[in-house]
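1. mind looking at a prediction? Sequence and model below.
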Amino acid sequence: MEKALRKSDAEYTEIRIESVTSSWVDFRGEELDSIGSSRTLGGIVRALVKGGWGYVIFNDLSDLETRVREACGSARLVGKGESTLAEVEPVVDEIRASFEKDFRDVPLSEKKSVIEEYNKIILGHHEKIETSNVSYTDSFRKVWYGNSEGAYIEDERPDVGVRISATAREGDNVQRGFESIAGGGGFQIIEGLQEKAEVTARRAVDLLSAPPVTGGKYPVIINPRLAGVFAHEAFGHLSESDFVYENERMRELMVLGKRLGPDILNIVDDGTIRGLRGTHKYDDEGVRTGKNYLIKEGILVGRLHSRETAAKMGEQPTGNARAIGYQYQPIVRMTNTYIDRAEATLEDMIKDVKLGLYALDMVGGQTSMEMFTFSAAYGYMVRYGRIAELVRDVVLTGNVFETLMNIDMIGDTVEWPPAGGGCGKGGQSPLPVGLGGPYVRIQNVVVGGRQG
Amino acid sequence: MKKAEGAQASLGQSESTDVSFENDKLKSVRSSQSTAMGVRIIVDGRIGSSHTTDIDDVDGVVARALEAAEFGSPARFRFPDIQEGPDVRVYDDRVPPVTKEEMVHIGEEMMTLVKEYNPDILLSAGVSKGISYCQFANSAGIGHTTEDTTFTVWINGQLIRGTDILWAGHGFGWKKREIDHVGIAKKAIELFRMAEDTARIKSGDMPVIFTPEGVNVLVLALRLGFNGKNVFLGSSPLAGKLGETIADERFSIADNPLLDYASGSSKYDGEGVPHQVTPLIEGGVVKNFLYDLDTAGRAGTQTTGNGVGCDPTNLVIKEADTPYEAMVKDTKEGLLVHNVLGLGQGNPMSGEFSVNVELGYKIESGEVVGRVKDVMLAGNTYDALKNIAAVGDKAEWAGGSLLTPPIQVDRLSVIAK
C-alpha cells in the first residue's frame, strides 16, 4: 500500500481495502427461504488535486499503483480550485474486535437453529398469524487504511443482527409486528430473544383490531426507540456539514449560536460509546471519533465534519467521515445520535394531556432537511391523562424550524435499544448507526391519517 | 460439483464511470471495476448459496454453498434446461466510448439551463455510464453470456428562501446513450416554476393527481402485493384474488422485462428462465402474480421469469384517455403530488400509505397555484385504485423502472398544519 501511495502525484491520496465475510439465514413462513455465505474483497483509492476528487474502486488488488495513477488522473480532470483538508495527526493503529461469542465460530447449523426457534414461536403464537419472516445476518469486516500523510490503520468491524417480523391476517386486513435487534459485537447479542418473538407476534394480532389513528395535530409522547429516529431525521442530517459547507444560505440558516429548541434540549452525536452500532475508534479518513454536542441547551453549537468540510468551514474535524463499504467514498454521516436526558418521567408527560398520542418504536424516518417524517410501529391514544386505545399507521411529520421548539418535556434516562437497519444517504444504505434517547414530549405534531 | 443434484453459477464483471457535481461545481470522477461470482447448489433436495468477489476462488464459493445446502431450504424445483430467450435490446455500443469530458459537458449544460432560470438554485448533478458482462450456466445445460450498458443523467436543485427549503430535480437512467439531458433540466425547472408561490391548504378529503413520479406512492403496495412469495405465504392482501376486480376498469399494469433498453430489461431472469411480459391487472381485474422457480414449485404453478425473489422488473401502467392538462383544469380544489417522504415506512403490504408531501402543489379552480408544505397525505392503494377519477393519456418514465401516465384519485385524506 505504501509503495502505491508513493506513486501518487496528488496533493492527498488514500487507499482503503476491505475484506468482508458474511453469512445469512432467512426463514419465511414455515420454511427456510435462503441460507448462505459470502466473501468480498475490494478497495478504493481517493486522490485530491486542486480541490477535485478522483475515486477508483476495484476488486482486483493486484495493481494498486495503476489504480493510484488512475485516481490521480481523474482528480486532475476535476480540480480547478484549492485543496483544503483539516489537519490531523496521522495515526498508526490496529484495532481488533473482541467478542463474548465470535459468530465466525458458530456453525451455520447452529445459526439456523436459533432463528428457527424464533420463527416457530411466531408461527405458533395465534391462529391469526398468517406468516412470518425471521432473518439473521452477520458480517465481519476487516479494513486496511493508509494515506499519503503516513496514517495506517487496521480495523475489525463485526456486525450481527436479527430481524423478526410477524404477519397477522383477518380477511383483507393484514398487519405486521416487527422487531430488529443488532449490534457491533458477538453472536450472544441475538440469543435469548424468545420473548421478543412473542411480543412481535402479539403486536401483529393486536393491530388487527386497532383502528388507524385519526389524522390531525396532537401533543405526542415518543418512547426512546422512536426518539432516536426523531433526533436522527429531525436534526441529525442537518448537522452533516456536507449539506452546509458550500451552501451560503444553509450556513445562514444554521449559524452557530442560533436557538433551535428549548433550554432542556441537548442533542449529541457520539462515535465512542461502547457496543453501539455507530461506534468505531476512527472514521474512514483516519480521524478519531468523539462526543460532539450539536445542540446544547437549545442552541446550535456544533456540526459533524469530514476533513474537507471542517477545513472549508474553519471548524475542527469531528471524525464523522464514513463509507458503507469499499465501493464508496466516505461522506459525512452520523454515528450514534441522541437527545440527552433531562428531568421528566413518562408519567409526568402523560398525566396532563387531554387528547394526545403516545407513539412507540420505529419503522423508519425520512427527511428533506426542513421537513421530516418518522413512523412509529404502533401507538396509543392518550385521553384525559390516561393511556387509552391502541392505534395503527402512526406517521408523524415535523418541520425542523418549529418542531424542536415544540419539545416541552424530556425524560430522565437515555436508552439505547439495540436496533438493526441503518441510515441511507447518497446511495450508501444501510449504514449502521446508533439510535437512542429518552422519552420526549412534543406539542402540536401533525399526524397523518384519515379525517376525524 | 460432484455431490450436487443441480447447480447454477453466474459470473459477472462490470465497469462504470460516474461524474458528480455538487454545490454548483464539478466535484469528483469515480471509476469502478467489479467482479462477482454466485453459486446456488441443490444437494439432497436442499439449496444453499454463496457469492464472492474473487472470481478465481471457484472451489471456495462452491464449498461454502455446499456447506449451506446441508441445512438449506428444501428445493421445490429443478434448474431449468435450455430455452431460447426472446429478443430484447440491452446493449448500446454508443455507451462505452462516452468520454469523461463528454459527461462533464452534459452536466454543465444542464446546470447552465437551470441557473438561467434562477441563479439562486444550488445544484448537484450526475452523469454515469456502465458496462457489464454476465456469464450464466447451470447443470441442466444452460450457458449464456449477456452484455449490457447503462447510462444515467440527473440534476437536483435546492432553493432556500428565508427558512423555506425547496428541493426539486429530475433524472433518468436506462441502457441507451440517448438521454435528453436538456429535457431533464427543463423538467426540473418546471417543478421550480410551479413552486414560485407557496399555497395554503386546509385539511380535508380532496382529489389528488399523482404525477408519473408521484404514482410510486400507489405502486409500492402493488410491487409487494403481486410478489408471488408474499401471495403464497398469505401476507399479500391479493392472495386468493385471481380474477377479481380490484381496480377501476381504466387501470391496467403489467410486468414487462422486454422493453428495449429499459432498466429492468433482459433476456433471462437470474435463474436462466426466459423473460416474458406478465399482465398483473387488466381492466381492473387481477390476472397474474409473479413467480420464481422455487415459489412456483411451492405454489403449484409456473415460474413467470421473476427469479430470484418474485419481484417485478419494469412496471408499465397503460395509458387511458385523459390529458394531464384536462385533469388539472377539471379540478376545483385538489392536490398535485410529485414526491413524498416516508413512503414504505409503515405497513405498505396492506396498501396503507401515510406520507409527507415533500413536493406537491395546490390546484385551485383548474390551475396550479403554488407549492404546499407541512402536509400529510393518507390513504390505501387498494381503495384508491377503486376510486380513480382519471388516468392520463401519456405515459412517462418515473425513474428507470416505472412507466406510467399521471393518475388522479377521487378523494384522499389531506392533513395540513
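-> Okay, I see it.
2. which parts of the stretch 301-450 of chain A sit against chain B?
-> Within the stretch 301-450 of chain A, the positions near chain B by C-beta under 8 Å from any C-beta of the partner chain are A:327, A:329, A:363-375, A:392-393, A:395, A:397, A:399, A:401, A:446-450. All C-beta atoms are positioned from the backbone trio N, CA, C, and that covers glycine.
3. what's the neighbour count on residue 244?
-> Went with chain A since none was named. A total of 25 residues lie near A:V244 under the criterion other C-beta atoms under 10 Å in any protein chain shown.
4. think we crossed wires, I meant chain B
-> A count of nearby residues for B:E244, using other C-beta under 10 Å, gives 11.
5. return the residues in contact with the nearest residue to it once chain neighbours are set aside.
-> Using C-beta to C-beta, 6 or more residues apart in numbering or on different chains and skipping residues adjacent in sequence, the residue nearest B:E244 is B:V286, 5.4 Å away. B:V286 makes contact with B:238, B:241-246, B:280 under the criterion C-beta atoms under 8 Å, 6 or more residues apart in numbering or on different chains.
6. endpoint to endpoint, stretch A:441-452 covers what distance?
-> From its first residue to its last, stretch A:441-452 covers 23 Å (C-alpha to C-alpha, to the nearest Å).
7. now it: buried residues?
-> For stretch A:441-452, burial by neighbour count (16 or more other C-beta atoms under 10 Å in any protein chain shown) applies to A:441-443, A:445-450.
8. also stretch A:339-356?
-> A:339-342, A:344, A:346, A:349-350, A:353, A:356.
9. run the chain-centre distance for it.
-> Here stretch A:339-356 is found 26 Å from its chain centre; the criterion is C-alpha atoms, centre = their mean, to the nearest Å.
10. so who does the residue nearest in space to the middle of chain A touch?
-> Most central in chain A under C-alpha atoms, centre = their mean is A:V433, positioned 2.9 Å from the mean C-alpha point. For A:V433, the contact set (C-beta under 8 Å, 6+ apart) comprises A:232, A:277-278, A:333-337, A:422-423.
11. and the gap between the nearest residue to it once chain neighbours are set aside and chain B?
-> Spatially, and ignoring its direct neighbours in sequence, A:V433 is nearest to A:G278 (4.3 Å; C-beta to C-beta, 6+ apart). Using C-beta to the nearest C-beta, to the nearest Å, A:G278 is found at 20 Å from chain B.
12. count the neighbours of A:G278 for me.
-> Using other C-beta under 10 Å, A:G278 has 25 neighbouring residues.
13. looking at the contacts of A:V433, which is nearest B:E101?
-> A:R333 (31.7 Å; C-beta to C-beta).
14. still on that earlier bit, could you redo the contacts of A:V433 as JSON lines and give each row distance to B:K267, secondary structure and pLDDT?
-> Below are the contacts of A:V433 laid out as JSON lines (distance: C-beta to C-beta, whole Å; DSSP: H, G, I helix; E, B strand; the rest coil; pLDDT from 0 to 100):
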{"residue": "A:H232", "distance to B:K267": "43", "secondary structure": "helix", "pLDDT": "92"}
{"residue": "A:R277", "distance to B:K267": "41", "secondary structure": "coil", "pLDDT": "92"}
{"residue": "A:G278", "distance to B:K267": "43", "secondary structure": "coil", "pLDDT": "94"}
{"residue": "A:R333", "distance to B:K267": "39", "secondary structure": "coil", "pLDDT": "96"}
{"residue": "A:M334", "distance to B:K267": "43", "secondary structure": "coil", "pLDDT": "96"}
{"residue": "A:T335", "distance to B:K267": "45", "secondary structure": "coil", "pLDDT": "96"}
{"residue": "A:N336", "distance to B:K267": "46", "secondary structure": "strand", "pLDDT": "95"}
{"residue": "A:T337", "distance to B:K267": "46", "secondary structure": "strand", "pLDDT": "96"}
{"residue": "A:G422", "distance to B:K267": "35", "secondary structure": "coil", "pLDDT": "90"}
{"residue": "A:C423", "distance to B:K267": "37", "secondary structure": "strand", "pLDDT": "92"}
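15. from those residues, pick the one nearest B:A68.
-> Out of the contacts of A:V433, the member with the shortest distance to B:A68 (by C-beta to C-beta) is A:G422, at 24.8 Å.
16. what's the weakest-modelled helix or strand in the chain?
-> Reading this off chain A. Of all the helices and strands that make up chain A, helix A:2-6 has the lowest average by mean pLDDT, DSSP states H and E, namely a mean of 88.
17. actually it's chain B I care about, not the one you picked
-> One helix or strand of chain B scores below all others by mean pLDDT, DSSP H and E: strand B:73-74, with a mean of 86.
18. wait, does that strand contact chain A?
-> Yes: against chain A, strand B:73-74 shows contacts by C-beta under 8 Å from any C-beta at B:73-74.
19. centre of the chain to that strand, how far?
-> On the basis of C-alpha atoms, centre = their mean, strand B:73-74 sits 30 Å off its chain's mean C-alpha point.
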